[in-house]
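Enquirer: Make a model of this:
(4 chains)
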There are 2 protein chains.
Amino acid sequence: MIIEKAASQLEALGNVTRLRIYRVLVRAGEEGLAVGRLQEKLDIPGSTLSHHLKRLVDTGLVIQDRQATTLICTANYNHMNALIGYLVDECCADQECDGPRTRVVA
Amino acid sequence: MIIEKAASQLEALGNVTRLRIYRVLVRAGEEGLAVGRLQEKLDIPGSTLSHHLKRLVDTGLVIQDRQATTLICTANYNHMNALIGYLVDECCADQECDGPRTRVVA
DNA sequence: GACATATTTCGATGATTGTGGAAATAGCCT
DNA sequence: AGGCTATTTCCACAATCATCGAAATATGTC
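Expert: Next up is the predicted model:
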């Protein structure tokens, strides 16, 4: 994981509208959700939604899969876990650490 | 955790300069690092560093503690863990989930 | 008080972002 | 081809951001 990628992913999540979108997709799980369903759930104009979705897709946090006319969006858990790992993996590397730790479990 | 706070924390981390600052502090552990030491390590103009540090402090991700003329900065692990928890806590709530999971351990 | 060091605030500039309506495109069906 | 639905691209605008030099402030020492 290079820092530019981590930063762009964090920045993608660092906007209320995009974070709402992402959380709905996280809740939706592996089945994902069509763009239209997202739009209904979130009550956002299509152009705005499309714009934000593109940013999430560009960073790899969201995957889109076309099924006929509808686009199914799913949260990419692998990228999310890599990002979280990046944030915590060097915790206290320079120092003794007694604080809480986070780890990714299978 | 309200979504506005999570988003502002993510946005704070979503900038290469601030992420570099934050990671150095994470590595530094509980002892933290003075602003001056950060500046040396990162080779950033003081005004720029101060500006970014302020954003990290405002969101709660970094704590500053004055010791005489120097300001010691430390990463706030509790806030970081709360943020990570917010990102993953509702994973697949609407669906069966076989994907990887993340949890915070003591 | 004078001075030294650490850090922040001010101010200005160019760049990027968020928003959403209108028009365009993509894919399917008959 | 024509029509229908789903989604994106285009465009414009105001708002926010990143950067950093210069000046200001804070805290301690002599």
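Enquirer: wait, isn't A:Y22 in contact with A:L13?
Expert: Yes - the criterion here is C-beta atoms under 8 Å, and A:Y22 meets it with A:L13 at 6.0 Å. C-beta: built from backbone N, CA, C; applies to glycine.
Enquirer: Overlap of the contact sets of those two?
Expert: Jointly contacting A:Y22 and A:L13 under the rule C-beta atoms under 8 Å, 6 or more residues apart in numbering or on different chains are A:L61.
Enquirer: Dihedrals phi and psi, the most centrally placed residue in chain A?
Expert: Centroid check for chain A by C-alpha atoms, centre = their mean gives A:L61 as the closest residue, at 3.9 Å. Backbone torsions of A:L61, given as degrees, to the nearest 10, read phi -80, psi -20.
Enquirer: Kindly report the same for A:R66.
Expert: According to degrees, to the nearest 10, A:R66 has phi -80, psi 130.
Enquirer: Over to A:T74: give its phi and psi.
Expert: phi -130, psi 150.
Enquirer: More neighbours: A:Y22 and A:L13, which one.
Expert: Shown here are A:Y22 and A:L13; by other C-beta atoms under 10 Å in any protein chain shown, A:L13 has more neighbours (26 against 23).
Enquirer: for that one, what are its contacts?
Expert: The contact partners of A:L13, by C-beta under 8 Å, 6+ apart, come to A:L19, A:Y22, A:L61, B:A7, B:L10, B:G14, B:L87.
Enquirer: Same list (these) but as TSV, adding secondary structure, distance to A:A75 and pLDDT.
Expert: Converted to TSV, those look like this (DSSP: H, G, I helix; E, B strand; the rest coil; distance: C-beta to C-beta, whole Å; pLDDT from 0 to 100):
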residue	secondary structure	distance to A:A75	pLDDT
A:L19	helix	12	97
A:Y22	helix	6	97
A:L61	coil	7	97
B:A7	helix	16	97
B:L10	helix	15	98
B:G14	coil	17	97
B:L87	helix	10	89
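Enquirer: which of those are buried?
Expert: Among these, the ones that count as buried by 16 or more other C-beta atoms under 10 Å in any protein chain shown are A:L19, A:Y22, A:L61, B:A7, B:L10, B:G14, B:L87.
Enquirer: Next one: A:S8 from B:T74, what distance?
Expert: A:S8 is 26 Å from B:T74, where distance means C-beta to C-beta, to the nearest Å.
Enquirer: try A:L13
Expert: For A:L13 relative to B:T74 (C-beta to C-beta), the value is 24 Å.
Enquirer: Equivalent analysis for A:H51, please.
Expert: Computed as C-beta to C-beta, the A:H51 to B:T74 distance reads 37 Å.
Enquirer: Ok, A:D43 next?
Expert: Taking C-beta to C-beta as the measure, A:D43 falls 40 Å from B:T74.
Enquirer: Any idea how many residues pack against A:Q39?
Expert: 18.
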